[in-house]
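Asker: Here is a sequence with its predicted model. Questions after.
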Amino acid sequence: ASSQFAQRNPASRAQHERALQVMPGGNTRSVLFYAPFPLAMRRGEDCRLWDADGHEYTDFLAEFTAGLYGHSHPVIRAAVQAALDGGINLTGHNLLESQLARLICDRFPSIAQLRFTNSGTEANLMAIAVAKAFTQRGKVLVFKGAYHGSVLTFAGGPSPVNVPHDFLIGRYNDAAGAMSLIQANANDIAAVLVEPMQGAGGCIPAETAFLEALRKATSDTGALLIFDEVMTSRLGPHGRQGQLGITPDLTTLGKYIGGGMSFGAFGGRADVMALFDPRRAGGLAHAGTFNNNVLTMSAGIAGLRDIYTAEAALALNTLGDSMRKRLNAVCRAQGVALQFTGLGSLMNLQATAHPIAHIDDTTEGDPRIRDLFFFHMLEAGVYVARRGFTVLSLPIRASHVDKYVQAFEAFVQRYRDLIG
Ligand code: PMP
């Protein structure tokens, strides 16, 4: 499969060779590398992508969820153009930042006040920092399989590039295990940081009872509960927290909320966020040249106000639910050890039919299956992540879903013997 890929993509290969000269491995985003070399994308329009060799793909990755609006949505384009027309580096407070903040606070009722960053990574770093300052404690409970940013990653165990906090690492969806960790460290835990569905970990939803137990234990011990909704905030009109009816103390956001521009935000309880009030003696400083950049603010406002309404969120995630059901029906009908996990518009192929509660459940099956799936889908004109992560963006229609499901059925038939 990979030699056919190499033959089909000479321009991407040449691009990779140029990149190798100036970037280690030709790469500046680890997640985008795969052997023998990654595709180089030339252009996008709605949910279509064209690579350097001119192949067209239906984009079922959508910038790992930041591309919710599709490529160059006319409303986003007009908002970015308006920002450009008004000058982009105003070096002051501007007229847009509080408008985007207002839209976000209205959408997520747990967020009374917020601050902007440039990425989801920074949002989580700042949320941890304020939780430590607020509680005057040092430990942070996270879960194996979590991804909270490029320097806060626990997917393959803690990473050497992680910012060195005093992390405790629990088992996702193991409420009893988390309770004993929290109780054993009751006076030391500043925060519990958790994704309501592990995204990079493989689209593994948290059980409601697990998150409820975290809510109760943090309240009981005076730790802050931080929901990392960088990926999951798109799942409903009020984020995943709205669907679950669980109110975290702090929430971190990113991805599509900046309209496809660089974005992050963190916010929540007013008494916690008040630590950043510059009028306050001894307050926390939080700087960032691009925190309030007008391109992000303008695109973000247009997206939340005019495009990703409550109705749009419900429709997109209903389409995702029905797609995942169809894919899982194919797995069952064909009797293969495959399944798609996830919620709403986010899903991930897994090479096992067994129930999946945490990342250790996802390592079953022949590791070649994900490779073959990826190259098969590319040949069929469907662009997904190398790990099988699949994302719906707003331009995706029933016909695109049909194309994906048909390509997946053909994949199962082609490799049935290997899949088992
Ligand atoms: N948290 C989660 C749950 C994420 O999925 C991501 C990005 N994949 C991040 C944090 C980090 O966001 P960014 O890439 O904008 O730093």
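Answerer: On my side now, so go ahead.
Asker: Just list the residues touching the closest residue to the ligand within the stretch 101-250 of the chain, thanks.
Answerer: Among all residues of the stretch 101-250 of the chain, Gly120 sits closest to the ligand, at 2.4 Å; criterion: Cβ to the nearest ligand atom. Placement of C-beta: from N, CA and C, glycine included. Neighbouring residues of Gly120 by Cβ atoms under 8 Å, 6 or more residues apart in numbering: His148, Gly149, Asp228, Val230, Thr252, Leu253, Gly254, Lys255, Phe263, Gly264.
Asker: Of those residues, which belong to helices?
Answerer: Among those, none falls in helices (DSSP state H).
Asker: Asn187: neighbouring residues, count only.
Answerer: Asn187 has 10 neighbours, counted by other Cβ atoms under 10 Å.
Asker: for it, helix, strand, or coil?
Answerer: coil (DSSP: H, G, I helix; E, B strand; the rest coil).
Asker: Next up, phi/psi of it, please.
Answerer: Dihedral pair for Asn187: phi -90, psi 0, per degrees, to the nearest 10.
Asker: what sits against it?
Answerer: Contacts of Asn187 (Cβ under 8 Å, 6+ apart): Arg137, Thr221.
Asker: Check Pro278 too.
Answerer: Pro278 touches Ala285, counting by Cβ under 8 Å, 6+ apart.
Asker: out of the contacts of Gly120, which are buried?
Answerer: Buried residues within the contacts of Gly120, counting neighbours by 16 or more other Cβ atoms under 10 Å: His148, Gly149, Asp228, Val230, Thr252, Leu253, Gly254, Lys255, Phe263, Gly264.
Asker: so the fourth one touches Ser119, yeah?
Answerer: Pointing back at Val230 there. No. Using Cβ atoms under 8 Å, Val230 makes no contact with Ser119, being 9.0 Å away.
Asker: hey, what's in contact with both of the two?
Answerer: In contact with both Val230 and Ser119: Gly254, Gly264, using Cβ under 8 Å, 6+ apart.
Asker: quick one on the thing from earlier: filter the contacts of Gly120 down to the ones near the ligand?
Answerer: For the ligand, the contacts drawn from the contacts of Gly120 by Cβ under 6 Å from any ligand atom are His148, Gly149, Asp228, Val230, Gly254, Gly264.
Asker: With pLDDT added, can I get these in TSV?
Answerer: Output for the ones next to the ligand among the contacts of Gly120, formatted as TSV (pLDDT from 0 to 100):
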residue	pLDDT
His148	98
Gly149	97
Asp228	99
Val230	98
Gly254	98
Gly264	98
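Asker: Can you tell me which residues in the stretch 1-150 of the chain are near the ligand?
Answerer: Neighbours of the ligand within the stretch 1-150 of the chain, by Cβ under 6 Å from any ligand atom: Phe64, Ser119, Gly120, Thr121, Asn124, Tyr147, His148, Gly149, Ser150.
Asker: out of those, who's nearest His354?
Answerer: Closest approach to His354 among these (Cβ to Cβ): Tyr147, at 22.6 Å.
Asker: Going by neighbour count, list what's buried in stretch 247-260.
Answerer: Going by 16+ other Cβ under 10 Å, stretch 247-260 has these buried residues: 247-260.
Asker: From the buried ones among the contacts of Gly120, which land in strands?
Answerer: Using DSSP state E, the subset of those located in strands is Asp228, Thr252, Leu253, Gly254, Gly264.
Asker: which one among those residues gets closest to Ser12?
Answerer: Of those, the one sitting nearest to Ser12 (Cβ to Cβ) turns out to be Gly254, at 28.0 Å.
Asker: Verify the stated contact: the closest one with Gly264.
Answerer: Yes. Counting by Cβ under 8 Å, Gly264 is a contact partner of Gly254 at 4.6 Å.
Asker: Need the overlap of contacts for those two.
Answerer: By Cβ under 8 Å, 6+ apart, the residues touching both Gly254 and Gly264 are Ser119, Gly120, Ala123, Val230.
Asker: Now tabulate the residues you listed in JSON lines and tack on secondary structure.
Answerer: JSON lines is the format used below for the shared contacts of Gly254 and Gly264 (three-state DSSP):
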{"residue": "Ser119", "secondary structure": "coil"}
{"residue": "Gly120", "secondary structure": "helix"}
{"residue": "Ala123", "secondary structure": "helix"}
{"residue": "Val230", "secondary structure": "coil"}
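Asker: Which two of those residues have the greatest separation?
Answerer: Ser119 and Val230 (9.0 Å).
Asker: ranges for the helices of the stretch 1-150 of the chain?
Answerer: Counting by DSSP state H, counting those that start in this stretch, the stretch 1-150 of the chain has helices at residues 2-8, 10-22, 74-85, 97-107, 120-135.
Asker: Of these, which stretch is the most buried?
Answerer: helix 120-135 (a mean of 23; mean count of other Cβ atoms under 10 Å).
Asker: any idea how far Gly157 is from Ser345?
Answerer: 29 Å (Cβ to Cβ, to the nearest Å).
Asker: before we move on, what about Asn328?
Answerer: 30 Å.
Asker: how does this structure divide into domains?
Answerer: Structural domains annotated on the chain: 2-68+310-419, 74-307, as defined by automatic domain parsing.
Asker: quick one, which of those is packed in tightest?
Answerer: domain 74-307 (a mean of 20).
Asker: Many thanks, have a good one.
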